[in-house]
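**Q** Below are the sequence and a predicted model; questions follow.
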Amino acid sequence: MTTTRAIRASLSMLAISLAATAASAAPTAPSAQSAAMPASIGGAIAARIIAVKCNRPMTATALTQAEIAELDTFIDERQTAFMMESKANQRLSVVIFPQLARDYNQIYSNPDACDAAARDMAKSTLERVRAVQSELKQRADVRQ
């Protein structure tokens, strides 16, 4: 097997495992452990899809357009930073993040998946995104 094929095979396996892990964990309620974890790009993508697909403005857990924009900003900034780390990350990003978005979009196109637990997960992820963004801003302020 050539080096290129080996890289492609390992990237494919990683993409499949990440997508399967994310998809299997998507509909569950946030646990105490997940609430303590920092926000991730994949979590923010999931929260954004849930916020858009499961938007019921009358519920307290519905995200506003401004909050969805916060998730978009986080996704763009973190994905850009991730891709700038290496060529492998660039190739991985081109495969993983769009596939993750498609998978969540498919899951939450079903109204039955849009339950309170999913909306709570999106709200929890937004809180973690805000915490990460605040920490990054504090680090930037310290450097200056």
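**A** That came through, no problem.
**Q** Could you use CA atoms for every contact and neighbour count after this?
**A** Will do.
**Q** What is the biggest helix by length in the chain packed up against?
**A** Using DSSP state H to define each element, the chain has its longest helix at helix 116-143. For helix 116-143, the elements it packs on are helix 32-36, helix 41-53, helix 65-85, judged by 3 or more CA pairs under 8 Å, 6 or more residues apart in numbering; DSSP states H and E.
**Q** I'd like to check the angle between that helix and helix 65-85, please.
**A** Our comparison of helix 116-143 with helix 65-85, counting by axes from the mean of the first three to the mean of the last three CA atoms, to 10 degrees, yields an angle of 60 degrees.
**Q** now helix 116-143, how far from the centre of its chain.
**A** Helix 116-143 has its C-alpha centroid displaced from the chain centroid by 12 Å (CA atoms, centre = their mean, to the nearest Å).
**Q** Then stretch 83-95?
**A** The answer for stretch 83-95 is 16 Å, by CA atoms, centre = their mean.
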